[in-house]
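1. Build me a structure from this.
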Amino acid sequence: MTTATTTATAMAAATRTGPDRVELLSGGTWTPVCAWERLVPGRGVAVLLPDGRQAAVFRDSRDAVHAVANRDPFTGAYVLSRGLLGATPDGRVYVASPLLKQRFDLATGECLDDPAVRIEVHRVRPV
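-> You can find the predicted model right below:
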């Protein structure tokens with residue numbers, strides 16, 4: 001690394017004002033799951049939890065962070081992290097499955113298209 005590169009990296013780190021990473025509560029412990037900059041607003045990231053389960057972590061357009069199970073209950077595929085975020089007219093943020101397009105409320109896990117179906121919601125925080 002050159003001196004200029006080292007200086008630029010140090011300056012960028014010193015001026016950063018947002019979170020560094022995202023943590024998810026798993027088994028009673030906050031576990032780091034990804035770097036903050038990996039979460040592009042409107043897109044998801046799949047993470048593997050210490051117990052072997054998968055979660056889908058999202059950052060919405062207001063920089064709120066959400067985490068739900070990554071498994072689509074209608075197909076059994078682990079794809080919800082690839083879904084698109086949206087919001088209902090009343091402001092409920094959801095992810096639409098990339099396969100059959102069912103929408104899941106990110107706060108409650110409720111399927112907006114079939115209220116009898118739910119996915120697990122995880123506690124998550126930026127730090």
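
2. how about the helices of the chain, start to end?
-> Applying DSSP state H to the chain gives helices spanning 3-15.

3. remind me which residues of it are low pLDDT?
-> 1-16 (pLDDT under 70).

4. And the strands in this structure?
-> Taking DSSP state E as the test, the strands found in the chain are 21-26, 29-35, 44-48, 54-59, 65-69, 84-87, 93-96, 103-105, 121-122, 124-126.

5. got the angle between the fourth one and strand 65-69?
-> Between strand 54-59 and strand 65-69, the angle comes out at 160 degrees (axes from the mean of the first three to the mean of the last three Cα atoms, to 10 degrees).

6. Tell me who's in contact with the residue minimising distance to the centre of the chain.
-> For the chain, Val57 is the residue whose C-alpha lies nearest the centre (Cα atoms, centre = their mean; 1.5 Å). Applying Cβ atoms under 8 Å, 6 or more residues apart in numbering, we find Val57 in contact with 22, 24, 33-34, 39, 44-47, 65-67, 81, 124. (Each C-beta comes from the backbone N, C-alpha and C, glycine too.)
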